[in-house]
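Chemist: Output the structure for:
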Amino acid sequence: MIQQIDESPAIELYPAEGPLLAVEATWEKDGDGDPSGILYLTDQRILFEQKEEIATKKFLFITTAKEKVQKLLLEAPAREVEDIKHSEEGRGFLGLRSDDILELVFSSNTNFSLARFHIQGQDSSEWAAMLKHVRSGEIDRYRHTAYLEAMESAASATASLPTQCPSCFAELAAQPRGVTSVTCEFCGAVVTAPIYLPCHIR
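Modeler: Modelled structure (predicted):
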């Protein structure tokens, strides 16, 4: 999982963000040409990165040229997942092969309404259980004491973000722990957390 994240040009972890799960998955959209890649869960976000080779040229149904595609298609705070469903669906001849399906319903604060993933080699029920721990914040109880200070520092930095845009006074959405800047969705202004420098008394 860490190697996959390190190799990704699009995924950058927040300060004190902890990766939890990663699995090969297919984002089931239209049924034809659905993107395949890696589904990630951290203690802050859920992400899906397309990572596959796709055919660019074919001759008589035979692929003659391929192109590697790697791009982040989904990134959302775990708290914005409103409903989680997991199931096993029979496929293949007489439905003898079962596939693990994870279905997520997102809040209106995201660009997604529903995302359905076919995950490979892991149990979708375990993903659903872990995601519920993250969404509720209960996952923080299991963090090793050596990392508590980093977590608290990241939370403090995010808490110092303004709740209103200083340019247009629109309300800013709450951000995941560790985020220190946000772009106002109304005016496009980039709002950053203030930096406090220590005072030295002589």
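Chemist: Could you report the pLDDT at L94?
Modeler: L94 is assigned 50 on the pLDDT scale.
Chemist: Neighbours of R143, how many?
Modeler: Burial of R143 is recorded as 14 neighbouring residues (other Cβ atoms under 10 Å). No exception for glycine: its C-beta is placed from N, CA and C like everyone else's.
Chemist: Please look at it and G18 and confirm they touch.
Modeler: Yes - using Cβ atoms under 8 Å, R143 is in contact with G18, at 7.0 Å.
Chemist: what sits in contact with each of the two?
Modeler: Here R143 and G18 share the contacting residues D43, scored by Cβ atoms under 8 Å, 6 or more residues apart in numbering.
Chemist: and the spatially closest residue to S181 that is not a sequence neighbour, what does it touch?
Modeler: Leaving out its chain neighbours, the residue that sits closest to S181 by Cβ to Cβ, 6 or more residues apart in numbering is T192, at 4.3 Å. Taking Cβ under 8 Å, 6+ apart, we find T192 in contact with L161, T180, S181.
Chemist: Pull the number of nearby residues for the first one.
Modeler: Just to be clear, that refers to L161. Counted with other Cβ under 10 Å, L161 comes out at 17.
Chemist: For E171, see how far away it is.
Modeler: In this view, L161 and E171 are 12 Å apart by Cβ to Cβ, to the nearest Å.
Chemist: do L20 as well
Modeler: As it turns out, when the distance is counted by Cβ to Cβ, L20 lies 30 Å from E171.
Chemist: can you check Q4 too?
Modeler: As it turns out, when the distance is counted by Cβ to Cβ, Q4 lies 36 Å from E171.
Chemist: more neighbours, the two?
Modeler: A direct count of neighbours by other Cβ under 10 Å for Q4 and E171 places Q4 higher, at 16 against 12.
Chemist: Strands of the protein, start to end?
Modeler: 19-27, 36-42, 45-59, 62-77, 81-91, 97-106, 114-120, 181-183, 190-192 (DSSP state E).
Chemist: will you turn those into JSON lines that also has distance to W127?
Modeler: Below are the strands of the chain laid out as JSON lines (distance: least, Cβ to Cβ, whole Å):
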{"stretch": "strand 19-27", "distance to W127": "6"}
{"stretch": "strand 36-42", "distance to W127": "7"}
{"stretch": "strand 45-59", "distance to W127": "10"}
{"stretch": "strand 62-77", "distance to W127": "14"}
{"stretch": "strand 81-91", "distance to W127": "7"}
{"stretch": "strand 97-106", "distance to W127": "5"}
{"stretch": "strand 114-120", "distance to W127": "7"}
{"stretch": "strand 181-183", "distance to W127": "28"}
{"stretch": "strand 190-192", "distance to W127": "33"}
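Chemist: Thank you, goodbye.
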